[in-house]
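> What shape does this take:
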Amino acid sequence: MPEPRPDELLPVPLPDAVRAALLAPMVDQHCHGVRRDDTTRSGFEQLIGAGGTPAPPGTTHFDTPAGAAIRRWCAPVLGLEPHASATVYLSRRAELGAAEVNRRLLRGAGVSAFLVDAGLDVPGVLSPAEMGRLGAAAADEIVRLEQVEQDVAEAGLPAADYAGMLRDELAARAARAAALKSVAAHRCGLGFDPSRPSRGSVIAAAGRRLADPKARLDDPVLVRHLLWAAVDVARERSLPLQFHCGLSCWGMSGTGPGDAGVAGHLADPALLTGFVRALAPLGVPVVLLHCYPYHRQAAYLAGVFPHVYVDAGPAVAHTAAGSAHVLRELLELVPFHKQMYGSGCHGAAELCFLAALCHRRGLARVLGDRIAEGEWSPADAARIAHMIGAGNARRVYRL
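This next block holds a predicted model:
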């Protein structure tokens, strides 16, 4: 079956300039690598499920908004009829092989640059360079702070040397990165003391940490120290600092060392207000990721603080046909120059493709309504679509 043309995928009639802006290549400002190998049905279903866990006995993750959307929209990309059954879809996927499936879906996303968090420490996923090559796009790495800290903790150094080595390692990895990212929400929540901890408290906490270096970092003092060390490096390198918010796990079988099983953990970005306020004089951009179901709170923070940005993240792919509702709520308040597109995809290339498709389709509905109501001109709508799709990310990440 021939794959539909991109302009056939938008659900509402729009002025030519708005359609062109929606269909233009986007910057995926936060994603993860997808699997490079073939997988079983159960393995694939865990990748597309919101929590990264098996469906209950007798049920399937294809009976979800994302699962139905995969059968509707990804099937034609693999040469099948829309709404192909799950069995037919997975059989075709296996027939093509993971490399060809990834190539088709990543390129079909219409992305010009991937910013890839490679710090999940999950085997078998594509590197940033491989994501770029298969997706015919540029690719840069996002450095996950907690992974850097884990490597430093396991290096076998004295507690007195911990802070210095952590700072040096962060600086070295930041030299080739597009951004730094924290999953502090998984470790100690976002309502932590925003002040920089004292040197003495860091050394004492490092002594406890280094007694069991393979354990996950969850000491509030060291989490705060890691964040402030990252702020220092981000200022020097003019890099944004990303924070995982909202639902802490979307389709991930594990979110890093010691983080398996955090699916369903909620982190309201409003709890980060103290730290965000402390960073305001420093000029470090803060990007709030995956904020659903707190996207309205995130939109407010982006409106209040000049250095705060937001994306809708995996909620766009996982709500699928409901993506317009999520984007409409975000656009109630967010400054248009503060919202960015990020798929947040992980594991399955289908989620990368779906996120881009559902973003374009959902935003098309929102823009169409605004134009029809006379609230925005076609030129306004086209400019907003361009800013969210690529322009804001190119400015913030200096792409």
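> Please identify the helix or strand for the residue nearest to residue 199 when sequence neighbours are not counted.
Leaving aside its sequence neighbours, residue 199 sits nearest to residue 163 (C-beta to C-beta, 6 or more residues apart in numbering; 7.2 Å). Any C-beta I mention is one placed from the backbone N, CA and C, and that applies to glycine too. If you go by DSSP states H and E, residue 163 is part of helix 159-174.
> quick check, distance from that helix to the centre of its chain.
26 Å (C-alpha atoms, centre = their mean, to the nearest Å).
> Give me the buried positions along that helix.
159, 162, 163, 166, 167, 169, 170, 173, 174 (16 or more other C-beta atoms under 10 Å).
> so can I have a markdown table of the residues you listed showing distance to residue 292 and pLDDT?
As requested, the buried residues of helix 159-174 are exported to a markdown table (distance: C-beta to C-beta, whole Å; pLDDT from 0 to 100):
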| residue | distance to residue 292 | pLDDT |
| --- | --- | --- |
| 159 | 39 | 96 |
| 162 | 36 | 97 |
| 163 | 35 | 97 |
| 166 | 32 | 98 |
| 167 | 34 | 97 |
| 169 | 32 | 97 |
| 170 | 29 | 98 |
| 173 | 29 | 97 |
| 174 | 28 | 97 |
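> Among these, which one lies nearest to residue 379?
Ranked by distance to residue 379 (C-beta to C-beta), the buried residues of helix 159-174 are led by residue 174 at 38.4 Å.
> In this structure the closest one contacts residue 235, no?
No: counting by C-beta atoms under 8 Å, residue 174 does not reach residue 235; the two are 10.7 Å apart.
> Give me the packing partners of the least confident helix or strand in the chain by mean pLDDT, helices and strands only.
Using mean pLDDT, DSSP states H and E, the weakest-scoring helix or strand in the chain turns out to be strand 266-267, at a mean of 76. With contacts taken as 3 or more C-beta pairs under 8 Å, 6 or more residues apart in numbering; DSSP states H and E, strand 266-267 sits against strand 246-247.
> Now whichever helix or strand residue 45 is part of - C-alpha only, CSV.
Using DSSP H and E, residue 45 falls within helix 41-48. Provided in CSV are the C-alpha atoms of helix 41-48 (Å, rounded to 0.1, in the frame of the first residue of the first chain):
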residue,chain,number,x,y,z
ARG,A,41,5.4,-9.4,21.1
SER,A,42,5.5,-9.2,24.9
GLY,A,43,8.7,-7.1,24.6
PHE,A,44,7.2,-4.8,22.1
GLU,A,45,4.0,-4.3,24.1
GLN,A,46,6.1,-3.3,27.2
LEU,A,47,7.8,-0.7,25.0
ILE,A,48,4.5,0.9,23.9
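> which residues touch that helix?
35, 39, 52-55, 60-62, 64, 66-67, 70, 86, 90, 93, 251, 253, 346-348, 350-351 (C-beta atoms under 8 Å, 6 or more residues apart in numbering).
> again, only using 7 Å
52-55, 60-61, 66-67, 70, 90, 251, 253, 347-348, 350-351 (C-beta atoms under 7 Å, 6 or more residues apart in numbering).
> Quick one, which of those residues are buried?
In the contacts of helix 41-48, the ones that pass as buried (16+ other C-beta under 10 Å) are 52-53, 55, 60-61, 66-67, 70, 90, 251, 253, 347-348, 350-351.
> and the closest residue to residue 352 other than its chain neighbours, what is it in contact with?
Nearest non-adjacent residue to residue 352, counting by C-beta to C-beta, 6+ apart: residue 345, 4.0 Å away. Counting by C-beta under 7 Å, 6+ apart, residue 345 touches 31, 32, 34, 314, 317, 351, 352, 355.
> Now residue 345. Its backbone dihedrals?
Backbone torsions for residue 345, taken as degrees, to the nearest 10, come to phi -70, psi 160.
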